[in-house]
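Enquirer: how does the following fold in three dimensions:
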Amino acid sequence: MNGLEPAGDQPKAIKSIVDGINQNKNFQTLMGVTGSGKTFTIANVIEKIGKRTLVLVHNKTLAIQLYNELKELFPENRVEYFVSFYDYYQPESYLPAKDQYIEKDSSINTMIERLRLSTTTSLVSRDDVIVVASVSCIYGLGNPINYTGASHDFKKGEEINRKEIISKLLSMQYERNDVELIYSRFRVKGETIDIIPGSMKNIIRIEMSGNKIERIIEIDKANGNMIYDYDHYMIFPARHFITPKDHMEKAIMEIKNELSTRLPQLNDIEAHRLKQRTSYDIEMMEEIGYCKGIENYSRHLDGRAQGEKPYCLLDWFGNDFLMIIDESHQSIPQVRAMYEGDKARKVNLVDYGFRLPSALDNRPLKFKEFEDYYGKAKVVFVSATPSYYEKEKSSKLVEMVIRPTGLVDPEIEVRKIDGQMDELEKEISKIVKRRERVLVTALTKKLAEEISDNFAARGIKARYLHSEIKTLERGEIIRELRIGKFDVLVGINLLREGLDIPEVSLVAILDADKEGFLRDQRSLIQIIGRAARNAKSKVIMFADNMTESMQGAIEETARRRELQIEYNKKHNITPKTIIRKIEEQKFIIKDTKHIPKKEMEKMIPQLEKEMKESADNLDFEYAISLRDKITQFKKEIVSRN
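Expert: Numbers count the residues shown, from 1 in each chain. Just a heads-up that it's a prediction; the model follows:
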């Protein structure tokens, strides 16, 4: 694992958890302070146990961070990323009070869709797989048996004609397009068939000689160079919901039967609507084996009984895997809440004739169903502040307080709310001179926006992070904070768990005395932890009163400080700020809502200069993307004016 050696409390924690797993302990909790190296500790556990591993996290920002860290630690393994592929998602719903039907509207991120397919491809073809997943992993996905059954292992020398290959690809939901070849499509030119599998960027080329496969090669799509010559290559389906022809025929019959049973139970308008919609979907499934919203018929397609749980990503791991639930105090409640929220929306669609009752079985797992997977896995909960659930479940609680870097928990100051912006400006000025960064956490999105704009008016380079920013762009915003494109990041609860930003030496907590789930003791400890990766770190709580939560967080932080200081003295350690590699830029940020207007105005000349340089260097694709970004900035500025 890149030759890194555990230190501090890490060796003891690794041994304790590994011993627990080998002793068949089903549940353990790793309780580690921020900066103690929980991710590195878990990575060592994964390496020593050697099982397929699911790392479940509660938000996409943390998922990206963990995915990148684990890819670096496990360069030879298949480290995969599995989150919702929607950049934007408005679910189908019906509001009876307004008689308003809201059609499903979504924007699918094709890069994430490819990564999801890569995840399942790895799980059905390899054992050395580590998957970092959001709560999306408990939503309906498709039957892994049907998925693998529909795949085909093409072999050099195989007796098969061109027509049969095309037929197999179409049955796997690949689309033929001889003009534009992108992922999940194929093209045919003479005796050459080019395919881009759903999980890949490159082309798999099958060269025929009559009715025999002569060669199978992988080609770099960008430059056309051959990368590898294969003896055989397994092509997996282009979609997760794949149904064999005989299953499809049976499913369609069941859908028709359900429809005929349901129609008499509805009034004339509702019955007409349901018949029209369902008949169209049936026609599409009969013609091409697929329809828009096919997941709503997944109960019939999978051959499940009414009420039976759907297949989800967890079914692809088999019967013996490692389940790491990161930031478990957040992730467990999130998993618990998913089913009821989904059901509440779909009941109206069924009651008013927009969907068949079987659509209710296209759903996330109920919490009890999620817990049933514990029987197939060894579970490790990971949190600096585990809740009662994890402690009650676990036969072993492993604590990590000592940081190998010698870093101590930050000093905490409590200041009055009156004049907080002036106070912050003074503190930020000191931090910026040291070329370090600042996190400011507010209680509402509106307040975060106002603070960000206020900072911009004062000449402070600031942005804010919120839930509307697209999945992959959140990681890019954090990267830009780290490299110094701006100095202050303002956020709400997005700043609590898991953000690893060693350049941050000040965390400001606004309205620290407003008791609630964002300002309870657990949340405050998590926020304080964001400053625990820098040797000069400090936390300022702005409050007019000292709450029990504040007092508890301050006392627990002081306890941890003392333990670390004693350890440092005993081992002659001087605290050092964590050094963590900054990833290269992967894409340009598209979302502009988090950027103050004045900041955009300053960025336009810089982007124009970069655009010209890119064009001069013949990097026209990047130049075009910069041009589009400049246009977007200008439109956003006009709209705000």
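Enquirer: and the closest residue in space to Asn44 that isn't next to it in sequence, how far is that from Pro6?
Expert: Once flanking residues are discounted, Asn44 sits nearest to Ile14: 4.6 Å by Cβ to Cβ, 6 or more residues apart in numbering. The C-beta positions use only the backbone N, C-alpha and C, and glycine is treated the same way. Computed as Cβ to Cβ, to the nearest Å, the Ile14 to Pro6 distance reads 6 Å.
Enquirer: so what sits against both of those two?
Expert: Residues touching both Ile14 and Pro6 by Cβ atoms under 8 Å, 6 or more residues apart in numbering: 41, 44.
Enquirer: which of those two has more neighbours?
Expert: The neighbour count for Ile14 versus Pro6, taken as other Cβ atoms under 10 Å, is higher for Ile14 (23 against 18).
Enquirer: point out where the stretch 51-200 of the chain drops to low pLDDT.
Expert: 86-91, 104-108 (pLDDT under 70).
Enquirer: would you state the strands of it in chain order?
Expert: Residue ranges of the strands in the stretch 51-200 of the chain, as given by DSSP state E, counting those that start in this stretch, are 53-56, 78-82, 86-90, 93-95, 100-102, 105-108, 129-133, 152-155, 175-176, 185-189, 192-196.
Enquirer: domain assignment for this structure?
Expert: Recorded structural domains for the chain (assignment: automatic domain parsing) are 10-141+307-400, 152-235, 245-295, 411-584, 596-641.
Enquirer: quick one: distance of stretch 528-543 to the chain centre.
Expert: With Cα atoms, centre = their mean, to the nearest Å as the basis, stretch 528-543 stands 27 Å off its chain's centre.
Enquirer: going forward, begin numbering at 28 instead of 1
Expert: With the count now opening at 28, the last piece we talked about shows up as stretch 555-570.
Enquirer: that one - what's its average pLDDT?
Expert: Stretch 555-570 carries an average pLDDT of 90.
Enquirer: hmm, back to that, out of the domains of the chain, which gets nearest to Leu328?
Expert: domain 272-322 (4.8 Å; Cβ to Cβ).
Enquirer: how about Glu426, what does it touch?
Expert: The contact partners of Glu426, by Cβ under 8 Å, 6+ apart, come to 36, 40, 58-59.
Enquirer: ditto for Leu383
Expert: 282, 285-286, 289, 301, 305, 323-324, 377.
Enquirer: with pLDDT, secondary structure and distance to Ala570 added, can I get the residues you listed in TSV?
Expert: What follows is the contacts of Leu383, written out as TSV (pLDDT from 0 to 100; DSSP: H, G, I helix; E, B strand; the rest coil; distance: Cβ to Cβ, whole Å):
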residue	pLDDT	secondary structure	distance to Ala570
Ile282	97	helix	59
Glu285	97	helix	58
Leu286	97	helix	60
Arg289	96	helix	57
Leu301	96	helix	56
Thr305	96	helix	57
Asn323	92	helix	49
Tyr324	94	helix	54
Val377	94	helix	48
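Enquirer: just the contacts of Glu426: which are in helices?
Expert: Using DSSP state H, the members of the contacts of Glu426 that fall in helices are Ala40.
Enquirer: report the two of the contacts of Glu426 separated the most.
Expert: Pairwise distances across those (Cβ to Cβ) peak at 10.6 Å, for the pair Asp36 and Met58.
Enquirer: return every residue with contacts to both of the two.
Expert: Contacts common to Asp36 and Met58, judged by Cβ under 8 Å, 6+ apart, are 426-427.
Enquirer: thinking again about what came up before, make JSON lines from the domains of the chain and add distance to Leu328 to it.
Expert: Below are those laid out as JSON lines (distance: least, Cβ to Cβ, whole Å):
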{"stretch": "domain 37-168+334-427", "distance to Leu328": "10"}
{"stretch": "domain 179-262", "distance to Leu328": "13"}
{"stretch": "domain 272-322", "distance to Leu328": "5"}
{"stretch": "domain 438-611", "distance to Leu328": "28"}
{"stretch": "domain 623-668", "distance to Leu328": "39"}
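Enquirer: so which of the strands of the stretch 78-227 of the chain is nearest Gly330?
Expert: strand 179-182 (22.4 Å).
Enquirer: flag every buried residue along that closest one.
Expert: Counting neighbours by 16 or more other Cβ atoms under 10 Å, one finds that the buried residues in strand 179-182 are 179, 181.
Enquirer: how close does Asp308 get to Asn323?
Expert: For Asp308 relative to Asn323 (Cβ to Cβ), the value is 8 Å.
Enquirer: between the two, point out the one with more neighbours.
Expert: The residue with more neighbours, out of Asp308 and Asn323 and counting by other Cβ under 10 Å, is Asn323; that gives 26 against 20.
Enquirer: what number of residues lie near the closest residue to the more buried one other than its chain neighbours?
Expert: Nearest residue to Asn323, sequence neighbours excluded (Cβ to Cβ, 6+ apart): Ala386, at 4.3 Å. Residues lying near Ala386 (other Cβ under 10 Å) number 20.
Enquirer: so Ala386 touches Lys373, yeah?
Expert: Yes: contact criterion Cβ atoms under 8 Å: Ala386 and Lys373 qualify, at 6.0 Å.
Enquirer: just to revisit the earlier point, format the contacts of Glu426 as TSV; extra columns: pLDDT and distance to Ala90.
Expert: Converted to TSV, the contacts of Glu426 look like this (pLDDT from 0 to 100; distance: Cβ to Cβ, whole Å):
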residue	pLDDT	distance to Ala90
Asp36	91	25
Ala40	96	23
Met58	95	21
Gly59	90	19
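Enquirer: where does pLDDT dip in this structure?
Expert: In the chain, residues with pLDDT under 70: 28-30, 113-118, 131-135, 494-500, 520-526, 608-622, 641-652, 668.
Enquirer: what's the spacing between the residue of it most remote from its centre and Asn188?
Expert: Distance from the C-alpha centroid of the chain, by Cα atoms, centre = their mean, peaks at Gly237 (45.7 Å). According to Cβ to Cβ, Gly237 stands 8 Å off from Asn188.
Enquirer: show me the strands in the stretch 228-377 of the chain, by range?
Expert: If DSSP E, counting those that start in this stretch is used as the criterion, the strands of the stretch 228-377 of the chain fall at 230-236, 239-246, 253-257, 259-262, 348-353.
Enquirer: typo on my end, it should be the stretch 478-627 of the chain
Expert: Ranges of strands in the stretch 478-627 of the chain, per DSSP E, counting those that start in this stretch, are 489-492, 515-518, 531-536, 565-569.
Enquirer: buried ones in stretch 477-494?
Expert: 478-483, 487-493.
Enquirer: actually stretch 418-433, sorry about that
Expert: Within stretch 418-433, the residues scored as buried using 16+ other Cβ under 10 Å are 420-421, 423, 425, 427-433.
Enquirer: kindly report the same for stretch 218-228.
Expert: Neighbour-count burial for stretch 218-228, counted by 16+ other Cβ under 10 Å, picks out 220-227.
Enquirer: distance between stretch 567-580 and the chain's centre?
Expert: Chain-centre distance of stretch 567-580: 33 Å, with Cα atoms, centre = their mean.
Enquirer: end to end on it, go ahead and measure it.
Expert: 13 Å (Cα to Cα, to the nearest Å).
Enquirer: now stretch 321-332
Expert: Across stretch 321-332, first to last residue, Cα to Cα, it's 17 Å.
Enquirer: and the contacts of that stretch?
Expert: Contact partners of stretch 321-332, identified using Cβ under 8 Å, 6+ apart, comprise 167, 169-170, 173, 268, 270, 274-275, 277-279, 281-282, 285, 308, 312, 333, 335, 337-338, 382-383, 385-386, 388-389.
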